[in-house]
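Colleague: Sequence first, then the predicted structure, then my questions.
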There are 2 protein chains.
Amino acid sequence: MTNSNDMPLAAKPIERAAHRRLDEAWLEEAFARKDVLVLLMRNGEPFVHPGRDSGLVWMGPEAARLSPGSPRLFLGEDKAGTPVFALDLPERFALEGSLIEGAGEFLDFRAAAGSIPDMDGNCASTARSIFMWHQSHRFCSKCGSESAMVEAGWKRQCPSCGAEHFPRTDPVAIMLAVKDGKALIGRQKMWPPGFYSCLAGFCEPGETIEQAAAREIFEEAGVVADAAGAEYVACQPWPFPSSLMVGLILEAEGFDISIDEKEIEVARWVTQEEMVRILNHSHEEIFGPPPMAIAHHIMKVWSEKDH
Amino acid sequence: MTNSNDMPLAAKPIERAAHRRLDEAWLEEAFARKDVLVLLMRNGEPFVHPGRDSGLVWMGPEAARLSPGSPRLFLGEDKAGTPVFALDLPERFALEGSLIEGAGEFLDFRAAAGSIPDMDGNCASTARSIFMWHQSHRFCSKCGSESAMVEAGWKRQCPSCGAEHFPRTDPVAIMLAVKDGKALIGRQKMWPPGFYSCLAGFCEPGETIEQAAAREIFEEAGVVADAAGAEYVACQPWPFPSSLMVGLILEAEGFDISIDEKEIEVARWVTQEEMVRILNHSHEEIFGPPPMAIAHHIMKVWSEKDH
């Protein structure tokens, strides 16, 4: 089994210290500490050092002056007990003329994440999911009133009907159907030419992750696979905006493919030898997902199996 | 590995036939078919035959006359291609004087579910999750307008801002921390005296299921466990209201317990021999969760392991 703890965006998490979330006096003091670590985000984009491959810019207490009313998320405490926060800057926040002009740039999360070190990547991933959730959940789904962020970003509360709302985490099955030394991969029309990956889809209420995997393989590619024998590989948080990718390998009953063109453009069976070349970029037609994505690891686990 | 496909409330699922959800003409016709199968629910309670242990009452097309404006959920097609629906009756719907007076009773889901056969249990579980979601998500979380149920119950759409909303599925880690032939179980104050079960807690954005399990064990019982070595057991949909319980077994580092009294009342280590007696009701002090719950199966898997 692959170790979920090693998955990119999940590795080296800080202690979430959830008991601090209700302690507003402590939070206020912590954000003012000289050693506080504050990451900046604007519309889901992390603030990173200029130029690629250089990681997050961590601010200190001066972050409080950047945009005083902006939502603050308490992420936890690092190994030394240092408090770690994220600050969500307004979409209209201008770098020019600000305190942080020249210190870095707001970069698309996918572009940035590959080069952010482990702990920082997990913090940024968590912050992105939570901030995107606040953006799309400003109003109470029960009564329609505007709700308020509470508990250091980890809850919203409706002042009108009192309903409590917690951040979503959407489980997604992501999987390889395999048979006789071959694995099924596919591509969506919007993906770059030659890019193939695992099939995937959201788990619905009332089904297991294994059943969701088998259902999606059948819906997308017309291949019948065995939910009962599914092998769990690992899982990975995926902040686009709030998925939890759960990786599986399932035995298929046959090779016949029948595509649902609304879902994917094409699917095909590849051998283990091809899979190795897909992952090391020596396949003549196909390239696969980067190591940042769990799909890469599922494909790798299977490519290294004895058959 | 336990087979998630065999878990109560997950076993023998019908074909969801998701492509039908958009075909309103087909759905209308299907609901009017002589052989249609319609289950009834009122405020999350399934309509079951009178007296316990007798399962769901399945209605035919006459269900349309019960409460014409009530939400209809398309659950899928059974093996014979028969369409299966669920009808959500208003909370104020009175059995007395209705078409179904005397045919059964609305029963608390937990009380009813243990005696509902597999396929029916999965249908009822799915219906409960979806209907509870509609009840708590009448309004658009993005703009506050009243949204509408579309796609045969599987989506809500906002007529004002156009946002689409999908049913929630909340992943929950449910686990045993184990060490040297002992396992950690606990109880909440509100549970019946003597009842103990696995510890459990919601997965948060940015963490893996394994990390959520280790975090909860530490938060609730003060026990440090190893997320990296967690063993996946199985998962189970749990419609209270929309959980996906993911079962794990983790190695603990030590036996010392320090309870968070807000979360649980007590936790204790039990031997494998005790666990067997807890599950077969011969333990002098403790009884455990029923076979309907995944906790039972996690405890059973561990009690049968070689050590």
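Modeller: Structure received. Numbers count the residues shown, from 1 in each chain, chains lettered A, B, ... in the order given.

Colleague: Can you tell me what sits against the helix or strand A:Arg110 falls within?
Modeller: Per DSSP states H and E: A:Arg110 is located in helix A:109-113. Residues external to helix A:109-113 that are found in contact with it (C-beta atoms under 8 Å, 6 or more residues apart in numbering or on different chains): A:8-9, A:44-46, A:48, A:52, A:121, A:124-125, A:128, A:239-240, A:292. Any C-beta I mention is one placed from the backbone N, CA and C, and that applies to glycine too.

Colleague: And the residues you listed, which is closest to chain B?
Modeller: Taking C-beta to the nearest C-beta as the measure, chain B sits nearest to A:Ser125 out of the contacts of helix A:109-113, at 5.0 Å.

Colleague: Contacts only, for that closest one.
Modeller: For A:Ser125, the set of contacting residues under the criterion of C-beta under 8 Å, 6+ apart consists of A:Leu9, A:Ala10, A:Ala113, A:Pro237, A:Trp238, A:Pro239, B:Pro205, B:Gly206.

Colleague: Next step: those residues restricted to helices.
Modeller: A:Ala113 (DSSP state H).

Colleague: can you tell me which two in the contacts of A:Ser125 are farthest apart?
Modeller: Pairwise distances across these (C-beta to C-beta) peak at 14.8 Å, for the pair A:Ala113 and B:Pro205.

Colleague: ok, these two, which is more surrounded?
Modeller: B:Pro205 (25 against 22; other C-beta atoms under 10 Å in any protein chain shown).

Colleague: Quick check: closest non-adjacent residue to the more buried one.
Modeller: The spatially closest residue to B:Pro205, leaving aside those adjacent along the chain, is A:Ser129, at 3.5 Å (C-beta to C-beta, 6 or more residues apart in numbering or on different chains).

Colleague: List the contacts of that neighbour.
Modeller: Contacts of A:Ser129 were listed using C-beta under 8 Å, 6+ apart, and they are A:Pro167, A:Thr169, A:Pro237, A:Pro239, A:Pro241, A:Ser242, B:Pro205, B:Gly206.

Colleague: Then A:Val38?
Modeller: A:Val38 makes contacts with A:Phe31, A:Trp58, A:Met59, A:Gly60, A:Pro61, A:Ala63, A:Val84, A:Phe85, A:Ala86, A:Leu87, as judged by C-beta under 8 Å, 6+ apart.

Colleague: Could I get the phi/psi values of it?
Modeller: With angles defined as degrees, to the nearest 10, A:Val38 shows backbone torsions of phi -130, psi 120.

Colleague: Look up the closest residue to the residue of the stretch 51-200 of chain A found nearest chain B, ignoring the ones flanking it.
Modeller: Closest approach of the stretch 51-200 of chain A to chain B (C-beta to the nearest C-beta) occurs at A:Thr126, with a separation of 2.8 Å. Closest residue to A:Thr126 in three dimensions, ignoring its sequence neighbours and counting by C-beta to C-beta, 6+ apart: B:Gly206, at 2.8 Å.

Colleague: Return the residues in contact with that neighbour.
Modeller: With the criterion set at C-beta under 8 Å, 6+ apart, B:Gly206 makes contact with A:Leu9, A:Ala10, A:Pro13, A:Asn122, A:Cys123, A:Ser125, A:Thr126, A:Ala127, A:Ser129, A:Ile130, A:Pro237, A:Pro239.

Colleague: From A:Leu56, how far off is A:Val48?
Modeller: Relative to A:Leu56, A:Val48 is positioned 6 Å away (criterion: C-beta to C-beta, to the nearest Å).

Colleague: Mind checking which of these two has more residues around it?
Modeller: A:Val48 (26 against 23).

Colleague: Enumerate the beta-bridge partners assigned to the more buried one.
Modeller: A:Leu56, A:Glu105 (DSSP bridges).

Colleague: for the stretch 1-150 of chain A, what spans make up the helices?
Modeller: Shown for the stretch 1-150 of chain A, the helices assigned by DSSP state H, counting those that start in this stretch span residues A:24-32, A:109-113, A:118-136.

Colleague: Identify each buried residue in the longest one, please.
Modeller: Buried residues in helix A:118-136, defined by neighbour count with 16 or more other C-beta atoms under 10 Å in any protein chain shown: A:119-136.

Colleague: now the contacts of A:Val38 as CSV including neighbour count and distance to B:His297?
Modeller: Listed next are those as CSV, based on neighbours: other C-beta atoms under 10 Å in any protein chain shown; distance: C-beta to C-beta, whole Å:
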residue, neighbour count, distance to B:His297
A:Phe31, 18, 44
A:Trp58, 15, 44
A:Met59, 22, 47
A:Gly60, 13, 49
A:Pro61, 15, 49
A:Ala63, 23, 47
A:Val84, 25, 37
A:Phe85, 25, 40
A:Ala86, 24, 38
A:Leu87, 22, 44
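
Colleague: Distance to chain B and pLDDT added to those, as JSON lines?
Modeller: JSON lines is the format used below for the contacts of A:Val38 (distance: C-beta to the nearest C-beta, whole Å; pLDDT from 0 to 100):
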{"residue": "A:Phe31", "distance to chain B": "20", "pLDDT": "98"}
{"residue": "A:Trp58", "distance to chain B": "17", "pLDDT": "97"}
{"residue": "A:Met59", "distance to chain B": "20", "pLDDT": "97"}
{"residue": "A:Gly60", "distance to chain B": "23", "pLDDT": "98"}
{"residue": "A:Pro61", "distance to chain B": "24", "pLDDT": "98"}
{"residue": "A:Ala63", "distance to chain B": "20", "pLDDT": "97"}
{"residue": "A:Val84", "distance to chain B": "12", "pLDDT": "98"}
{"residue": "A:Phe85", "distance to chain B": "14", "pLDDT": "98"}
{"residue": "A:Ala86", "distance to chain B": "11", "pLDDT": "98"}
{"residue": "A:Leu87", "distance to chain B": "16", "pLDDT": "98"}
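
Colleague: Pick the one among the residues you listed closest to B:Phe218.
Modeller: Nearest to B:Phe218 out of the contacts of A:Val38 is A:Val84 (C-beta to C-beta; 17.8 Å).

Colleague: That closest one and A:Gly76 touch, don't they?
Modeller: Yes - the criterion here is C-beta atoms under 8 Å, and A:Val84 meets it with A:Gly76 at 5.7 Å.

Colleague: Now do the shared contacts for the two.
Modeller: Shared contacts of A:Val84 and A:Gly76, counting by C-beta under 8 Å, 6+ apart, come down to A:Ile14.

Colleague: any idea where the helices of the stretch 201-307 of chain A begin and end?
Modeller: When assigned using DSSP H, counting those that start in this stretch, the helices of the stretch 201-307 of chain A occupy the ranges A:209-221, A:272-279, A:294-303.

Colleague: Select, out of those, the one closest to B:Leu39.
Modeller: When the helices of the stretch 201-307 of chain A are compared (using C-beta to C-beta), the closest one is helix A:209-221, at 19.3 Å.

Colleague: Give me the buried positions along the closest one.
Modeller: A:209-221.

Colleague: do stretch A:238-246 as well
Modeller: Going by neighbour count (16+ other C-beta under 10 Å), the buried part of stretch A:238-246 is A:Trp238, A:Pro239, A:Pro241, A:Ser242, A:Ser243, A:Leu244, A:Met245, A:Val246.

Colleague: what's the nearest residue to A:Ser303 if we skip its chain neighbours?
Modeller: In space, not counting the residues next to it along the chain, A:Ser303 is nearest to A:Met275; the distance is 4.0 Å by C-beta to C-beta, 6+ apart.

Colleague: Could you report the distance from that neighbour to A:Asn3?
Modeller: A:Met275 sits at a distance of 21 Å from A:Asn3 (criterion: C-beta to C-beta).

Colleague: more crowded one of the two?
Modeller: With neighbours defined as other C-beta under 10 Å, A:Met275 and A:Asn3 compare such that A:Met275 has more, 22 against 16.

Colleague: On the pLDDT front, check that one for me.
Modeller: Here the pLDDT value assigned to A:Met275 is 98.

Colleague: In this structure it contacts A:Ala183, no?
Modeller: Yes - the pair formed by A:Met275 and A:Ala183 meets the contact definition of C-beta under 8 Å, at 6.2 Å.

Colleague: Return every residue with contacts to both of these two.
Modeller: Each of A:Met299, A:Trp302 lies in contact with both A:Met275 and A:Ala183 under the rule C-beta under 8 Å, 6+ apart.
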